[in-house]
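S.K.: Pasted the sequence and its predicted model underneath.
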Amino acid sequence: MKKLFFGVAGLAMMLATTTQAATFVVQGTVTDVTPNTVQVQIPDHQRQCSVVDVPIYGSSQPNNGNAILGAIIGGVIGNQFGSGDGNKAATAAGAAIGAVKGSQMQSDRPIVGYKREERCHMVENFRYESKIRDYTVKYEWNGYKGAVVTYNQFSVGDKINLNMDLRAK
């Protein structure tokens, strides 16, 4: 009898000094579902076109003013190189090149009209959309209320599995 008493007393002491925990699954009822959204940036490429006036140039006519100006500028630049006869040759070459380039300048070609052309280019715009990231699900079980954030979509009234932990204090 003594052994039984000490055995029961030891078991009671062991149960009293150790914390007991139990985990079990219950089914709660979903009471509210709120989708949580995030703004997503989406590229939106668009072709933009417009009609522009393009100048039409007449035939090129020699413009002595531009040729003379080009010869003077070319001679001054050519004069910076060489010495003696080399300097004279560089000045003459600079003047000749300047005269040719000056006479080729587009400003001597008169604009005789305009034509309309459609010019297009791609424009990258961004638009924003709301995307569902996850859901906040509120539930109730035996008068206890709680909430959880989940990727699973539930509807009000659905059953949701809940892990319940019971622990002694």
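M.R.: Now that the structure is in, tell me what you want to look at. Residues are numbered from 1 along each chain as shown.

S.K.: If you count contacts, what does whichever strand in the chain runs longest end up packed against?
M.R.: When the chain is parsed with DSSP state E, its longest strand is strand 21-57. Here strand 21-57 is seen to pack against strand 111-141, strand 144-150, strand 159-167 when contacts are counted using 3 or more C-beta pairs under 8 Å, 6 or more residues apart in numbering; DSSP states H and E. To be clear about C-beta, it is placed using only N, CA and C from the backbone, and glycine gets the same treatment.

S.K.: Tell me, please, where in the protein the pLDDT is lower than the cut-off.
M.R.: 1-20, 60-66, 71, 74-75, 78, 82, 84-88, 90-91, 94-95, 98-108 (pLDDT under 70).

S.K.: let's see it at 80
M.R.: 1-21, 59-109, 169 (pLDDT under 80).

S.K.: closest one to residue 34 among the helices and strands packed on strand 21-57?
M.R.: Nearest of those to residue 34, taken as C-beta to C-beta: strand 111-141 at 4.6 Å.

S.K.: Partner strands of that closest one, with direction?
M.R.: The pairing partners recorded for strand 111-141 under DSSP bridges are strand 21-57 (antiparallel), strand 144-150 (antiparallel).

S.K.: For it, buried residues please.
M.R.: 135, 137-139 (16 or more other C-beta atoms under 10 Å).

S.K.: now the angle between strand 159-167 and it, please.
M.R.: 50 degrees (axes from the mean of the first three to the mean of the last three C-alpha atoms, to 10 degrees).

S.K.: out of the buried residues of strand 111-141, which one sits closest to residue 23?
M.R.: Among the buried residues of strand 111-141, residue 139 lies closest to residue 23 (C-beta to C-beta), at 17.5 Å.

S.K.: Can you tell me, leaving aside adjacent residues, what's nearest to that closest one?
M.R.: residue 28 (4.0 Å; C-beta to C-beta, 6 or more residues apart in numbering).

S.K.: and that neighbour, how many neighbours?
M.R.: By other C-beta atoms under 10 Å, the residues close to residue 28 number 21.

S.K.: what is it paired to in the beta sheet?
M.R.: residue 160.

S.K.: still on that earlier bit, tabulate the buried residues of strand 111-141 (CSV), appending distance to residue 49.
M.R.: Putting the buried residues of strand 111-141 into CSV (distance: C-beta to C-beta, whole Å) gives the following:
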residue, distance to residue 49
135, 44
137, 50
138, 53
139, 56
